[in-house]
Structures are given as C-alpha cells and as structure tokens.
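Engineer: Sequence and predicted structure below; questions after.
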Amino acid sequence: MIDPASFIDVIPYSSWQIDAAIIGNAHNVVITSSDEIAQGIITRLQKTPGEHIENNGIIYDILPLPEMNISIITWASTKMLQKGWHRQVFIWLPLGLVIGLLAAMFVLRILRRIQSPHHRLQDAIENRDICVHYQPIVSLANGKIVGAEALARWPQTDGSWLSPDSFIPLAQQTGLSEPLTLLIIRSVFEDMGDWLRQPSTAAYFDQS
C-alpha cells in the first residue's frame with residue numbers, strides 16, 4: 001500500500017501482498033511497478049475513477065494525481081479476504097453464537113433468581129433482612145411485662161413490610177423454615193442479651 005502524499009510504503013502487518021504501480025497519464029506508460037499489471041486494467045480504472053474493479057480474483061484501485069500528471073494503481077489478491085471470511089464463518093461465528101447463548105442463559109438464570117419468591121426469601125435470610133418486632137405480654141394481675149412475642153417482618157424495597165402469614169408458608173414449602181427460625185432466635189438473643197443478663201429479670205418469648 002502506498003501513501004499517495006509521500007510515495008512511502010506502508011509496511012503491512014500480515015502476509016497479504018499489495019502491489020502498486022505509477023502510471024503516466026499522458027500515454028498510460030508504466031513508470032514503475034512492483035509487479036506486472038494485467039492488460040486493459042489501466043483503461044478500465046481510468047473510466048471509473050474513485051471506484052475499484054475486480055478481475056480474476058484481484059482488486060484494483062486507482063488514485064489520479066493530475067497536478068503531477070500521474071496515477072497510482074494498487075492491487076491485491078482477494079484470497080486472504082476469502083480465507084478470512086471462511087475463518088469468520090466456520091470458527092468465529094459459531095464461537096460467538098455459543099458465547100452469546102451461554103451469556104443469555106446466565107442472565108436468564110440471574111433474572112429468575114431475582115424474581116423467584118423462593119430465592120428472594122433465601123437471600124433475605126442469608127442477608128439477615130428479616131427483622132424482629134416485639135409485642136409485649138402484660139400480666140393482668142400486676143400489670144408487669146412478663147414476656148414478649150417475637151414477630152418476624154420482611155421489609156420490602158418500596159418501604160412496606162410483609163407479615164409472617166405472607167412468607168412463613170413459603171418458607172415451609174421450600175424448606176427454609178429452619179434457617180428462618182434460627183435467624184429469628186439469633187436476633188432475639190442479640191436484642192435481649194444484655195437485658196436477660198440481669199439476675200432479677202425473667203422473660204418468655206413466643207415466635208410468630
């Protein structure tokens with residue numbers, strides 16, 4: 001390939017051979033050429049300036065330089081392009097399809113996990129998003145608090161709360177009852193630990 005502004009060869013970065021020739025515009029005389037150019041090509045190129053032509057598997061192009069009364073013709077075989085096309089069709093295209101299918105399956109799996117109530121509850125338990133609210137139990141005899149009922153609540157992204165009757169049946173159906181129960185028990189002990197250490201204090205808790 002030739003830089004038309006300076007006639008300097010641009011070194012190719014592959015084995016694709018590109019030939020060039022300098023033609024005198026006056027009589028279509030080949031001034032210099034890296035290889036023999038086919039007969040009639042010069043005339044055909046001059047009739048369609050700015051467009052390349054293909055002949056016997058070779059692509060030709062011309063760059064007229066009227067101020068110097070010459071033209072530069074470049075040509076190269078299309079075999080490398082055909083090899084590259086076959087490589088893309090039979091190697092890279094199937095590989096791209098496989099990668100695309102794997103990526104689609106991965107995204108669908110993530111979306112299903114995000115949208116699945118079972119996986120949402122599992123993630124909430126693992127991330128300890130289930131909160132515990134306490135409802136006191138008061139003795140009618142003396143008016144003292146003798147216990148509390150631990151109420152599990154599941155906060156939602158919109159600011160609302162899900163009550164136990166919404167997600168405990170789901171936990172029972174999906175085998176998450178045990179980790180949910182352990183989470184509530186741990187939360188109760190963490191919240192009431194210091195209070196229960198007092199010698200004169202006794203409390204009873206009912207989970208729901």
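Structural biologist: Now that the structure is in, tell me what you want to look at. Numbers count the residues shown, from 1 in each chain.
Engineer: And the pLDDT for Lys83?
Structural biologist: Reported pLDDT at Lys83 in the predicted model: 66.
Engineer: where along this structure do the helices fall?
Structural biologist: Ranges of helices within the chain are 41-47, 79-87, 93-115, 117-126, 164-174, 177-196, based on DSSP state H.
Engineer: now these in CSV, with distance to Ile73 and mean neighbour count?
Structural biologist: To be clear about C-beta, it is placed using only N, CA and C from the backbone, and glycine gets the same treatment. Below are these laid out as CSV (distance: least, CB to CB, whole Å; neighbours: other CB atoms under 10 Å):
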stretch, distance to Ile73, mean neighbour count
helix 41-47, 6, 15
helix 79-87, 19, 12
helix 93-115, 34, 10
helix 117-126, 66, 16
helix 164-174, 74, 15
helix 177-196, 77, 14
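Engineer: would you list the ones you listed in a markdown table and tack on distance to Leu151?
Structural biologist: Written out in a markdown table, the entries for those read as follows (distance: least, CB to CB, whole Å):
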| stretch | distance to Leu151 |
| --- | --- |
| helix 41-47 | 87 |
| helix 79-87 | 65 |
| helix 93-115 | 27 |
| helix 117-126 | 16 |
| helix 164-174 | 7 |
| helix 177-196 | 9 |
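Engineer: how close does the residue of the chain most remote from its centre get to Arg112?
Structural biologist: Seen from the C-alpha centroid of the chain, the residue lying at the greatest distance (CA atoms, centre = their mean) is Ala141, 65.9 Å away. Going from Ala141 to Arg112 by CB to CB, to the nearest Å gives 55 Å.
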